[in-house]
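Asks: generate a structure from the sequence data that follows.
(one chain, ligands or ions: 1)
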Amino acid sequence: MKEISKSTRNEIDMPLVGFGTYQLSVEQAEFCVSEALKAGFRHIDSAEGYQNEVGTGKGIKAAGISRDEIFVTTKLFPGFQQWGAPEKNYEQTIDTLKNQLTQLQLEYVDLYLIHAPLSVLRLEQWNALVELKKIGLTKHIGVSNYNEERITEILDAGLAKPEANQIEFHPICAQIDLTRYMKENSIVPIAYSSLAPLSTWRVEEGQGGEILAEIKEKCQMVTNEIATKLKVTEAKLLLRWGLQHGYSVLTKSSKPERIRENLNVFDFEIPDTYMERINQLNQNQAIAWAASGLNPMEVAPALK
Ligand SMILES: NC(=O)c1ccc[n+]([C@@H]2O[C@H](COP(=O)([O-])OP(=O)(O)OC[C@H]3O[C@@H](n4cnc5c(N)ncnc54)[C@H](OP(=O)(O)O)[C@@H]3O)[C@@H](O)[C@H]2O)c1
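Replies: Next up is the predicted model:
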């Protein structure tokens, strides 16, 4: 296992635990991002689609930490015909990041991702990301919710390889083949919704956590037992499981005490036997987008 510590950064200089901002209001994003940075997070995950980047930008500013210590990721919402959201072309993709930077009050981001392969224009959008890196508005570029076929599509077009892929990754959705493919191709893996197996995941009204809740019961029994034996919380166990699989992990909370807890995953190790028991819980079941009725890895429209 590679070194895993609070100060470890991966191949693209990303701290291994990031603070996620999905389902935070603008005001919550301002407060929680600032709290997260004060608690020691140095990696913030944002997105155009979260509609709270003004708050995230204010939170970053309020924390008063030097820009070059913080790693900020954001994402392009590519558009999606099924939702009536116009698909972005090359110029619109360039303009989108410029607008996001204004909202975030930043001169550049560290990583810019296509949020999901939802558009027929996804290769044109990727070309725009290559340009955004060239002109310095982002240090690194990548994708999110891309399966092997979608990544191959980029490579077959002779375009630059994505440096990272942000995907749903937790014991119930372990993405074994894709994880192996990314490792073989030196694509940095970033895990989202590591805490989806918890009974406390997205429980507030309208957050959608009740969907597929019944499939989590077996996982919860096992993680509860192992967490108790290791004297850690189940949240810490799940985040640590992702780290020990070589992922950077993202975690969101609106509560200061949980924000601090979720960064505190460097003082214990999950022994191999327990890792293996948790690995056995895989159901290849995506959960994070279930409330929206789609799996973003499976809906890519055919390229023209
Ligand atoms: N690329 C994509 O398509 C995609 C999709 C999903 C997520 N993401 C990114 O990944 C981030 C993380 O995913 P996520 O939002 O699903 O977050 P998560 O960290 O997996 O789960 C957050 C949920 O768990 C609860 N929680 C947080 N810490 C806890 C703890 N210590 N104990 C018990 N419950 C806890 C939170 O409730 P409270 O807030 O009430 O504490 C919230 O309901 C997102 O915020 C976003 O930045 C990306």
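Asks: please name the nearest non-neighbouring residue to residue 79.
Replies: In space, residue 79 comes closest to residue 87 once its chain neighbours are excluded; the distance is 3.4 Å by C-beta to C-beta, 6 or more residues apart in numbering. Quick note: C-beta positions are derived from backbone N, CA and C, even for glycine.
Asks: kindly report the same for residue 235.
Replies: Distance criterion C-beta to C-beta, 6+ apart; nearest residue to residue 235, sequence neighbours excluded, is residue 195 at 5.7 Å.
Asks: this protein: helices as residue ranges?
Replies: Secondary structure of the chain (DSSP state H): helices at 26-39, 53-63, 90-104, 122-134, 148-156, 176-184, 217-230, 234-244, 256-263, 272-279.
Asks: rewinding a little: my guess is the residue nearest to residue 79 contacts residue 77. True?
Replies: No: contact criterion C-beta atoms under 8 Å: residue 87 and residue 77 do not qualify, at 10.0 Å.
Asks: between the two, who's got more neighbours?
Replies: residue 77 (20 against 17; other C-beta atoms under 10 Å).
Asks: tell me the residues of the stretch 101-250 of the chain that contact the ligand?
Replies: Residues of the stretch 101-250 of the chain lying near the ligand by C-beta under 6 Å from any ligand atom: 115, 144-145, 166, 192-196, 198, 200-202, 235, 250.
Asks: list buried residues within the residues you listed.
Replies: Buried by 16 or more other C-beta atoms under 10 Å: 115, 144-145, 166, 192-196, 198, 201-202, 235, 250, out of these.
Asks: take those and lay them out in CSV including pLDDT.
Replies: What follows is these, written out as CSV (pLDDT from 0 to 100):
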residue, pLDDT
115, 98
144, 98
145, 98
166, 98
192, 98
193, 98
194, 98
195, 98
196, 97
198, 97
201, 97
202, 96
235, 98
250, 98
